[in-house]
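Asker: predicted model, plus sequence, below.
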Amino acid sequence: NAGVTQTPKFRVLKTGQSMTLLCAQDMNHEYMYWYRQDPGMGLRLIHYSVGEGTTAKGEVPDGYNVSRLKKQNFLLGLESAAPSQTSVYFCASSYGSATYEQYFGPGTRLTVT
Amino acid sequence: GENVEQHPSTLSVQEGDSAVIKCTYSDSASNYFPWYKQELGKRPQLIIDIRSNVGEKKDQRIAVTLNKTAKHFSLHITETQPEDSAVYFCAASIAGGADGLTFGKGTHLIIQP
């Protein structure tokens, strides 16, 4: 099992460009999450999904959109990138129900210039 | 929403000594409290977690205690080793993490040889 994977690992964007980050999991997990990590800020929840076809906003959703068309994939989109979105993005997944542990992907380092 | 405070931000201990990291949370409805370890450039890894119906949990050199009345929980690492050097994050969640985790800002633990 690959666990949770993220594509790409690194990306540099110019202000105003768009991109999509892909998260994939092969553990048949029901729940998936996108977090961002900034220096000294810990991890903050952007959006999450509790099942295929469902999404919900987290703590810092502005400027991002998400989609969960397939159970194993969770996409994070930036429509018009801003320098404030420079961050490391982590995807996580969990089985759901009474199993709480979240498994994290390796992260995507995004720089917006 | 939930707010998690974590202290200290940096902790330096001698190898073999114990380390204690403390967190407080604001929402009395929170029922799941995980601790993650993150090495430089790596993903967060769950090291121990506790649910609100338990006061203490131990796994070898690591233990977590929870005081629901005071709304605080702590991570205890005994007999520290060089490989314990990392950033540690506490987190809290309502609904067992289904709607995501709220993280503290992290503690940089340094083990001095």
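Answerer: Everything's here; your move. Note that the structure is a prediction, hence the values are computed from the model and not measured.
Asker: show me where chain B has its helices.
Answerer: Using DSSP state H, chain B contains no helices.
Asker: so which bits of it are right by chain A?
Answerer: Contact residues, chain B versus chain A (Cβ under 8 Å from any Cβ of the partner chain): B:1, B:6, B:32, B:34, B:42-46, B:49, B:51, B:89, B:93, B:96-106. C-beta coordinates here come from the backbone N, C-alpha and C atoms, glycine included.
Asker: of those residues, which belong to strands?
Answerer: Members of these lying in strands (criterion: DSSP state E): B:Q6, B:Y32, B:P34, B:Q45, B:L46, B:D49, B:R51, B:F89, B:T102, B:F103.
Asker: setting aside sequence neighbours, what's the nearest residue to the fourth one?
Answerer: Distances taken as Cβ to Cβ, 6 or more residues apart in numbering or on different chains put B:K37 closest to B:Q45, at 5.3 Å, once the chain neighbours are dropped.
Asker: surely the one you found touches B:I47?
Answerer: Yes. Using Cβ atoms under 8 Å, B:K37 is in contact with B:I47, at 4.9 Å.
Asker: if I pick the residue positioned nearest the centre of chain A, what's in contact with it?
Answerer: Centroid-nearest residue in chain A, with Cα atoms, centre = their mean: A:W34, separated by 3.0 Å. A:W34 is in contact with A:21, A:23, A:45-48, A:58, A:64, A:66, A:74, A:76, A:89-91, counting by Cβ atoms under 8 Å, 6 or more residues apart in numbering or on different chains.
Asker: kindly report the same for A:E59.
Answerer: A:R44, A:L45, A:I46, B:G1, B:G100, B:T102.
Asker: what about the residue nearest to B:E5 when sequence neighbours are not counted, neighbour count?
Answerer: In space, and not counting its chain neighbours, B:E5 is closest to B:T24: 4.9 Å by Cβ to Cβ, 6+ apart. Using other Cβ atoms under 10 Å in any protein chain shown as the criterion, B:T24 is surrounded by 18 other residues.
Asker: who's more crowded, B:K37 and B:I47?
Answerer: Comparing B:K37 with B:I47 by other Cβ under 10 Å, the one with more neighbours is B:K37, at 21 against 18.
Asker: hey, what's the more buried one bridged with?
Answerer: B:Q45, B:Y88 (DSSP bridges).
Asker: ok now do it, which residues does it touch?
Answerer: B:K37 is in contact with B:P44, B:Q45, B:I47, B:A86, B:V87, B:Y88, counting by Cβ under 8 Å, 6+ apart.
Asker: over to B:G104?
Answerer: Contact partners of B:G104, counting by Cβ under 8 Å, 6+ apart, are A:G42, B:V4, B:E5, B:Q6, B:C23, B:F89, B:C90, B:A91.
Asker: by neighbour count, which of those wins?
Answerer: B:C90 (30 neighbours).
Asker: now do the same contact list for it.
Answerer: Applying Cβ under 8 Å, 6+ apart, one finds that B:C90 lies in contact with B:V4, B:Q6, B:I21, B:C23, B:F33, B:P34, B:W35, B:F73, B:L75, B:F103, B:G104.
Asker: skipping adjacent residues, who's closest to the second one in space?
Answerer: Counting by Cβ to Cβ, 6+ apart, B:Q6 lies nearest to B:G104, which is 2.9 Å off, once chain neighbours are set aside.
Asker: with A:E30 as the reference, measure out to that neighbour.
Answerer: For B:G104, the distance to A:E30 (Cβ to Cβ, to the nearest Å) stands at 26 Å.
Asker: okay then, goodbye and thanks.
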